[in-house]
Every structure is written in structure tokens, then in C-alpha cells.
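In: The following comprises the amino acid sequence and a computationally predicted model.
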Amino acid sequence: MDILDILQEDYRNFPKHQTYSIYADDVYFKDPMNEFRGCDRYRQMLQFIDTWFRQPQLDLHQIQRSDNTIRTDWTLSWNTPLPWNPRISIPGWSELTLNEQDLIISHVDYWHCSRWEVLKQHFSA
């Protein structure tokens, strides 16, 4: 199966049943809230999302590959476990860098909104 097909399937299943074998053991990960190295840490972050966020969903809008780089455009959404159960939505994109074996060695996420705008969604109607 091609890495683009695997990624599309992982987006559909997010955050469960992810294909960690497409990541290098020491993969570099960064988003507006986290920065770390290691596939195990990446797995722990997704497990945290699955445990603490309600109805997490990662909608893939576009995926494209150019040489050793993949870009995905997506929207991440979930319900925060607060009494009023707000639905949070973060539009963004990921830039993935592959090594010679087509393993992801770098996964950097960018948001089309600020962390403050995400926080405000918890308190707006």
C-alpha cells in the first residue's frame, strides 16, 4: 500500500488504529502545543486525545506529495469534556518529510488560527 493511501486511512480512523510503522523511531513532531522526538511519544499523544477528547475527528481535505515531502490539509475537531460540551475546530495543515525508505522523519503541524482563538471556542456559543 502506498504511503498516501495509508495516511488517508489513518485520517479516517483517527485517533484509533494508526499506522505507526510509517514513522521513523526518532520522528520529529511539532505543533503549536507540542514539540518532541520519538514515535512512542507520538503514540502517547494520540492516546491522550483518544482518552480525554470526545468524538475526535480529523477530516482530510487534501493530500499531495512532492519528492520526499507530503502536505496534508485538514480540520481537527472534538468535543471538550466540559459541562456544556463545546465542539472545537482547528483548521490546519501538516508537512511530512520522508527518508529514503519512505518513513516519516518529520511531522510539523500548522494551524490557520491562534491558540487564543482555539481557547475562545470553549466559551463561545
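Out: That came through, no problem. Numbering: from 1, shown residues only.

In: can you give me the helices in the protein?
Out: Using DSSP state H, the helices found in the chain span residues 3-13, 39-52, 115-121.

In: Give me the buried stretch members for the last one, please.
Out: For helix 115-121, the buried set under the neighbour-count rule, 16 or more other CB atoms under 10 Å, comprises residue 118. No exception for glycine: its C-beta is placed from N, CA and C like everyone else's.

In: Let me see the mean pLDDT of it.
Out: Mean per-residue pLDDT for helix 115-121: 95.

In: If you count contacts, what does that helix end up packed against?
Out: Counting contacts by 3 or more CB pairs under 8 Å, 6 or more residues apart in numbering; DSSP states H and E, helix 115-121 packs against strand 87-98.

In: Could you list the residues in contact with the strand it packs on?
Out: With CB atoms under 8 Å, 6 or more residues apart in numbering as the test, strand 87-98 has contacts from 3, 7, 68-80, 104-113, 118, 121-122.
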